[in-house]
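Enquirer: After the sequence you'll find the predicted model.
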Amino acid sequence: MRETSAARRAARALDALRRGWPVAVFNEEGGLALLPIETADPVRFAEFTPDNNAALLVSAGRVVTLDLGQSVGLREPDEPILLRRNGGFDFQMATAIADPTFGTATGFTDGFAAAELSSAPLAAAALRLAMRAGILPAFVATTSGQVAVEVTAEDIAAYDDADRLTIAARARLPVAAIDDAEIVAFRTPEMPGEHIALVIGRPNGQPPLVRLHSECLTGDMLGSLKCDCGPQLHAAIEAIAANGWGILLYLRQEGRGIGLVNKLRAYALQDRGFDTVDANTRLGFAVDARDFRIAARMLRLLGEARIRLLTNNPAKVRVLEAAGITIAERVPHRLPANPHNARYLETKRERTGHAL
Ligand SMILES: Nc1nc2c(ncn2[C@@H]2O[C@H](COP(=O)(O)OP(=O)(O)OP(=O)(O)O)[C@@H](O)[C@H]2O)c(=O)[nH]1
Ligand SMILES: [Zn+2]
């Protein structure tokens, strides 16, 4: 297990990004001073790049979307690209490159080029930290800018280490579907939210029926019809209760890991006609940024390494098995479509391999 001081440094850097403060990210191969574009302002931008020679560290998905990447070639949407431009960038242009709500009609012309990164893993860790902070994965990058906070790629990995999760509290929690349930909360000292398990019924000699549910504020709380999350959540609790024994894991992975604000940006792109996959990649994120090893850790802490899994998502099965959980059975978890989520479900079936 990685040390706490490392994860704390990452947590401090994450806070800095949320507040628009620059951070330095480094490893043994090099370092970058980074100002987050979303939370910066023109004054900080000017202070950070006094001689206007900074590059932008962005995701390949943005570069491809804006058609700036003649030299970029085929990349994963969340791969880091260091973008330079003859004449440099001003704040407005940096913002337009970072933020897809500006669309593609930004009138950019030539002069962009992808520069060599001293360390691609380091740059990828920086983009991941922005995602954890719930902001756009885009920075102004220099090798010399003034920074308040320093963090290493190793620190960021420690922050993400699922094995650092522990049980923080547990209590009886009768719920509408069944009286006999217990809630268990998991966290690390650094994480802002907590993951939850609802342990339903009592062990009966069979592997528990388990559902991994990723947080969806719009679907879980507001009854959004854009996805199937709310009905899936409640149907999962009902199914586990009917089975007599099982566990619902409520994972704080809003928006498939990109956070609520970024998910709402993806929804804004969907309003303009892009599907759920393209909306994520146009923002510069992976299609699915979740780490299901968190769920494996939670199951192990609950003493259940052999389960029946309620899901249509093959990635959940794959990652849990790789993390040492035996899936005795995959149980489909399908619910009827509505007119608003029919395309979303079709995209899941056709583009993300869901067995729907
Ligand atoms: N980025 C993004 N996230 C979305 C969108 N629609 C739903 N989500 C998120 O997707 C997650 C829901 O995933 P799950 O309920 O675990 O479903 P799944 O991965 O499709 O797999 P199943 O187990 O088969 O249901 C939640 O975190 C939602 O917030 C979207 O259009 N964009
Ligand atoms: Zn949802």
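Expert: On my side now, so go ahead. Ligands and ions are numbered 1, 2, ... in the order given.
Enquirer: gap between the most centrally placed residue in the chain and Phe108?
Expert: When Cα atoms, centre = their mean is applied to the chain, the residue found nearest the centroid is Gly257 (2.4 Å). Gly257 is 29 Å from Phe108, where distance means Cβ to Cβ, to the nearest Å. Every C-beta, even on glycine, is put in place using the N, C-alpha and C of the backbone.
Enquirer: go on, Pro77?
Expert: Applying Cβ to Cβ, one obtains 19 Å for the distance of Pro77 from Phe108.
Enquirer: Also Arg272?
Expert: Computed as Cβ to Cβ, the Arg272 to Phe108 distance reads 19 Å.
Enquirer: higher neighbour count, the two?
Expert: Neighbours were counted for Arg272 and for Phe108 using other Cβ atoms under 10 Å; Phe108 has more, 15 against 11.
Enquirer: for the stretch 151-300 of the chain, what spans make up the strands?
Expert: Taking DSSP state E, counting those that start in this stretch as the criterion, the stretch 151-300 of the chain carries its strands at 166-172, 181-187, 195-201, 209-214, 245-251.
Enquirer: Other residues contacting the lowest-mean-pLDDT helix or strand in the chain?
Expert: For the chain, the helix or strand with the lowest mean confidence is helix 342-351, at a mean of 82 (criterion: mean pLDDT, DSSP states H and E). Among residues not part of helix 342-351, those counted as contacts by Cβ atoms under 8 Å, 6 or more residues apart in numbering are 226-228, 275-277, 287, 312, 337, 354, 356.
Enquirer: Report whether it contacts ligand 2.
Expert: No. Using Cβ under 5 Å from the ion as the criterion, no contacts between helix 342-351 and ligand 2 are found, and the smallest distance is 8.7 Å.
Enquirer: residues of that helix that come out buried?
Expert: Buried positions in helix 342-351, judged by neighbour count with 16 or more other Cβ atoms under 10 Å: 344-345, 347-348.
Enquirer: just stretch 224-244 next, same as before
Expert: Within stretch 224-244, the residues scored as buried using 16+ other Cβ under 10 Å are 224-233, 235-237, 239-241, 243-244.
Enquirer: which residues touch Ala115?
Expert: Ala115 sits in contact with 55, 82-84, where contact means Cβ under 8 Å, 6+ apart.
Enquirer: if you set the cut-off to 7 Å instead, what comes out?
Expert: For Ala115, the contact set (Cβ atoms under 7 Å, 6 or more residues apart in numbering) comprises 55, 82, 84.
Enquirer: buried residues in the helix or strand that contains Leu122?
Expert: Secondary structure assignment for Leu122, by DSSP states H and E: helix 120-132. Along helix 120-132, these residues count as buried under the neighbour rule (16+ other Cβ under 10 Å): 122-132.
Enquirer: Quickly check: that helix near ligand 1 or not.
Expert: No. Contact of helix 120-132 with ligand 1 is not found when judged by Cβ under 6 Å from any ligand atom; the minimum separation is 11.1 Å.
Enquirer: Tell me which other helices or strands that helix touches.
Expert: helix 4-18, strand 23-27, strand 30-36, strand 55-59, strand 80-85, helix 153-159 (3 or more Cβ pairs under 7 Å, 6 or more residues apart in numbering; DSSP states H and E).
Enquirer: So which of those is the most surrounded?
Expert: Ranked by mean neighbour count under mean count of other Cβ atoms under 10 Å, those are led by strand 55-59, which reaches a mean of 26.
Enquirer: Give me the angle between it and helix 120-132.
Expert: Using axes from the mean of the first three to the mean of the last three Cα atoms, to 10 degrees, the direction of strand 55-59 lies 70 degrees away from that of helix 120-132.
Enquirer: Pull the residues that contact strand 55-59.
Expert: The contact list for strand 55-59 (Cβ under 7 Å, 6+ apart) reads 32, 34, 77-84, 89, 94, 97-98, 115, 123, 126-127, 137-141, 284.
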